[in-house]
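Q: build the 3D model from these lines:
(one chain, ligands or ions: 1)
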Amino acid sequence: MTDRMTTAAAQTASPAPSSPGAAVGDEAADATIAAIRADTVGFLGGGHMGRALVAALRRHGHPAAQILVGEPGADLRLALERDLGVRTTADNIEVAAAADILVLAVKPQDMAAALSPLQATLASRRPLIVSIAAGLPVARLRELCGAGPGTALPVVRAMPNRPALLGRGASGLYAPPDIPPEARARAEAVLAAAGMVAWIDSEMLMDAVTAVSGSGPAYFFRLAEALADAGRAQGLPAEVAARLAAATLAGAGAMAAADADLAGLRAAVTSRGGTTAAALTTLEAGGLERLVAEAVESATRRGRELAQAVPDSTVKRG
Ligand SMILES: NC(=O)c1ccc[n+]([C@@H]2O[C@H](COP(=O)([O-])OP(=O)(O)OC[C@H]3O[C@@H](n4cnc5c(N)ncnc54)[C@H](OP(=O)(O)O)[C@@H]3O)[C@@H](O)[C@H]2O)c1
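A: Residues are numbered from 1 along each chain as shown. I've put the predicted structure just below:
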């Protein structure tokens, strides 16, 4: 897949050493986000992901007055206002009327209900639409936004992952060919606030993005669990083994975030004939590479199945 992906500048910067809680790539992300400094960013949905993206934009200095969240939950609205200072409303038409960029952060099955009352407003306002909903293709999103042939709204799809909640996400982005570079840059800015971004040039590959980075955190957690269990089997107290495994996962993750040369990182911690080499030889002999490939293939296939399973009222496959 790598030859079909281009990695955005937001990925490449090193960690900001002066700000311990800052996400990797913050300085590059700041520069990327400058592209939308004048934009009002509207959100449909202020749940986990909506809130994570709002928080990320605020962390990078996007003005609170230029963020408006449409969210039915009064508690979530209150928390967004209190914690992040942004404006919220239960009226999505207000959001659609104000937004230069409209981020769709509702569940896929809620998308039709969320968008259909907005069609007239969207047709006149014509914001850039950025959807983070799993499994909803651009063509269907455009239909739900109400645009007819020749008047389709600019829609970009993104697939972030859970670490976006900490500003350490990894997002795949897809824009259809008719989206101009300026609109791509603005969509990228929204996601770059929450971590690394990579463009893919085929919408089909969104399922592979989901299988690698969307589901990926769980693979590493599972490996760390197995590592802790194995440490316990070698005599470590369970709690010590679990803490060692989790801290090792975090430390290795921080190293990988600063340097994407994974093979180089591995080589640097593997002495010839040493303990690490012995363990890696065992993992390879056990079929690690094949197993991971099969796991990612299963996840990709499941992503396709789930997209087909979104109710017909929301997704039409052509
Ligand atoms: N969570 C992830 O790790 C993740 C990763 C990648 C992509 N995504 C995508 O991100 C989207 C949101 O996921 P999430 O985990 O943030 O879900 P979530 O926590 O349930 O947030 C969605 C929010 O949207 C609200 N909502 C429902 N109908 C609405 C409407 N008509 N207008 C405005 N808001 C409405 C929901 O309110 P109610 O609860 O009251 O219905 C809820 O607060 C999904 O499409 C998902 O596929 C999520």
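Q: where in the stretch 201-318 of the chain is pLDDT low?
A: Residue ranges of the stretch 201-318 of the chain with pLDDT under 70: 310-318.
Q: residue in it with the shortest distance to the ligand?
A: Per C-beta to the nearest ligand atom, residue 214 is where the stretch 201-318 of the chain lies closest to the ligand, at 6.0 Å. For the C-beta atoms, the positions are set from N, CA and C on the backbone; glycine is no exception.
Q: can you count the residues close to that residue?
A: The local packing of residue 214 (other C-beta atoms under 10 Å) involves 22 other residues.
Q: swap in residue 219?
A: Look at residue 219: counted by other C-beta under 10 Å, it has 15 neighbours.
Q: double-check that it belongs to a helix.
A: Yes - with DSSP: H, G, I helix; E, B strand; the rest coil as the criterion, residue 219 is assigned to a helix.
Q: rewinding a little: shouldn't the residue of the stretch 201-318 of the chain closest to the ligand be in contact with residue 161?
A: Yes - between residue 214 and residue 161 there is a contact under C-beta atoms under 8 Å: 5.1 Å.
Q: in the chain, which residue sits nearest the ligand?
A: For the chain, C-beta to the nearest ligand atom, closest residue to the ligand: residue 47, 1.8 Å.
Q: what does the stretch 51-200 of the chain put close to the ligand?
A: 70-73, 76, 92, 105-108, 110, 113-114, 132-134, 159-162 (C-beta under 6 Å from any ligand atom).
Q: where does the stretch 1-150 of the chain dip in pLDDT?
A: Counting by pLDDT under 70, the ranges of the stretch 1-150 of the chain that qualify are 1-25, 149.
Q: other SSEs contacting the host helix or strand of residue 102?
A: Under the criterion of DSSP states H and E, residue 102 resides in strand 101-104. Here strand 101-104 touches strand 41-44, helix 111-115, strand 128-131, helix 181-192, going by 3 or more C-beta pairs under 8 Å, 6 or more residues apart in numbering; DSSP states H and E.
Q: buried deepest among those, which one?
A: Among these, the stretch with the highest mean neighbour count (mean count of other C-beta atoms under 10 Å) is strand 41-44, at a mean of 28.
Q: let me know the next secondary structure element after that one.
A: helix 48-59.
Q: circling back to that earlier point, CSV please, covering the helices and strands packed on strand 101-104 and showing distance to residue 140.
A: Listed next are the helices and strands packed on strand 101-104 as CSV, based on distance: least, C-beta to C-beta, whole Å:
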stretch, distance to residue 140
strand 41-44, 16
helix 111-115, 9
strand 128-131, 10
helix 181-192, 18
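Q: closest to residue 235 out of the ones you listed?
A: Nearest to residue 235, of all the helices and strands packed on strand 101-104, is helix 181-192, at 44.8 Å by C-beta to C-beta.
Q: so which residues make contact with the closest one?
A: Helix 181-192 is contacted by residues 8, 10, 25, 28-29, 32-36, 39, 41, 53, 57, 101, 103, 128, 130, 154, 156, 158, 160, 169, 171, 173, 175, 179, 197, 199 when judged by C-beta atoms under 8 Å, 6 or more residues apart in numbering.
Q: just the ones of those residues in strands?
A: Among the contacts of helix 181-192, DSSP state E puts 41, 101, 103, 128, 130, 156, 158, 169, 171, 173, 197, 199 in strands.
Q: circling back: mind giving me the ChimeraX select for the contacts of helix 181-192, buried ones only?
A: The ChimeraX command for the buried members of those (criterion: 16 or more other C-beta atoms under 10 Å) is given here:
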select :8,10,25,28,29,32,33,35,36,39,41,53,57,101,103,128,130,154,156,158,160,169,171,173,175,179,197,199
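Q: how about the residues of the stretch 201-318 of the chain near the ligand?
A: Contacts of the stretch 201-318 of the chain with the ligand, taken as C-beta under 6 Å from any ligand atom, map to residue 214.
Q: quick one: the helices in the stretch 201-318 of the chain?
A: All helices of the stretch 201-318 of the chain, identified by DSSP state H, counting those that start in this stretch, fall at 206-209, 216-233, 238-258, 262-268, 275-285, 288-309.
Q: deepest of the ones you listed, which one?
A: Highest mean neighbour count among these (mean count of other C-beta under 10 Å): helix 206-209, with a mean of 24.
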